[in-house]
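**Student:** any chance you can model this:
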Amino acid sequence: KVQLVESGGASVQAGGSLRLSCAVSGYRRSDYSGYCLGWFRQNPGKKREGVADIDSDGSTSYAASVKGRFTISQDNTENTLYLQMNRLKPEDSNMYYCTLHRCGVWNAGYWGQGTQVTVSS
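**Tutor:** Numbers count the residues shown, from 1 in each chain. Just a heads-up that it's a prediction; the model follows:
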């Protein structure tokens, strides 16, 4: 069974940086053809926004709102997924979720419990 556990969320000031981590277990790339590991953010009652993801070939994609500021990566074992967030803005405040999803379909797959990021101005 796939499990995703996020960590690293915190409160920071605008312009600061954070690195989110996601421990991934129960996942084998060979079992999930067409799936991506990634991060989305969503506050209660608000629309889900895909932030960044990485496919099985290592190709990455980013939301326009974070491109150039956020970097997604994973360790060689694919057991840990990261999201390096630089030059944070108040509008980045959100609950961030790690996900294993069908590439291009953010609500089709698995996600963790989330980690809260709060950016103050």
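**Student:** contacting residues for the most centrally placed residue in the chain?
**Tutor:** With distances taken as C-alpha atoms, centre = their mean, the chain has Trp39 as the residue nearest its mean C-alpha position (2.0 Å). Remark: with contacts taken as C-beta atoms under 8 Å, 6 or more residues apart in numbering, Trp39 is in contact with 20, 22, 50-53, 72, 81, 83, 96-99. (Each C-beta comes from the backbone N, C-alpha and C, glycine too.)
**Student:** between these, which sits nearest Ser30?
**Tutor:** Distances from the contacts of Trp39 to Ser30 were compared by C-beta to C-beta; the smallest belongs to Leu81, at 17.7 Å.
**Student:** that closest one contacts Leu37, correct?
**Tutor:** Yes: with contact defined as C-beta atoms under 8 Å, Leu81 and Leu37 form a contacting pair (5.1 Å).
**Student:** any idea how far Val66 is from Phe40?
**Tutor:** Shown here: Phe40 relative to Val66, a distance of 11 Å by C-beta to C-beta, to the nearest Å.
**Student:** same check, this time on Val5
**Tutor:** Relative to Val66, Val5 is positioned 22 Å away (criterion: C-beta to C-beta).
**Student:** check Glu6 too.
**Tutor:** Applying C-beta to C-beta, the value for Glu6 to Val66 is 17 Å.
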